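J.: Please work out how this folds:
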Amino acid sequence: MLGELAVGIGLLVGALVGIAAFFGALMNMSFLLAGSASVNPILFTFEVGLMLAWKVAGYYGVDRWLLPMLGVPWRSKVGTRVGQPGHVPAS
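T.: Residues are numbered from 1 along each chain as shown. Below you'll find the predicted structure:
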């Protein structure tokens, strides 16, 4: 019950949408494998879409401010500029 509540709050608030969608899909797959198929395949499809669009899915939620603070793989914090140590000039 706590897992379902955490996933629901994460998706509604927009905090760590990709992680919440992953664990929602994991729970949904458990329900599918247990034999309860009702609307679970449709929800699973939406959850996979959220995981694939994580970068965009959290734009309107808390992820807009939370992900830059935590660091994300698609945005590097380290950059080298001309004149800094480690910069190799183009030849």
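
J.: From here on, just use CA atoms for contacts and neighbour counts.
T.: Fine.

J.: Settle this for me: Ile44 is touching Phe31, isn't it.
T.: Not quite, residue 44 is Phe, not Ile. No: if you go by Cα atoms under 8 Å, Phe44 and Phe31 don't touch, sitting 10.6 Å apart.

J.: quick one, longest helix in the chain?
T.: helix 17-34 (DSSP state H).

J.: Are there helices or strands packed against it, and which ones?
T.: Packed against helix 17-34, as judged by 3 or more Cα pairs under 8 Å, 6 or more residues apart in numbering; DSSP states H and E, are the following elements: helix 2-13, helix 40-52, helix 54-57.

J.: in the longest one, what counts as buried?
T.: By neighbour count with 16 or more other Cα atoms under 10 Å, helix 40-52 contains the buried residues 40, 44, 47-48, 50-51.

J.: Now do the same contact list for Leu52.
T.: By Cα atoms under 8 Å, 6 or more residues apart in numbering, the contact set of Leu52 is Gly18.

J.: Can you check the pLDDT for the spatially most central residue of the chain?
T.: With distances taken as Cα atoms, centre = their mean, Gly18 lies nearest the centre of the chain, 1.8 Å away. At Gly18, the pLDDT value in this model is 82.

J.: again, but for Ala6
T.: 91.

J.: Fine by me, thanks again.
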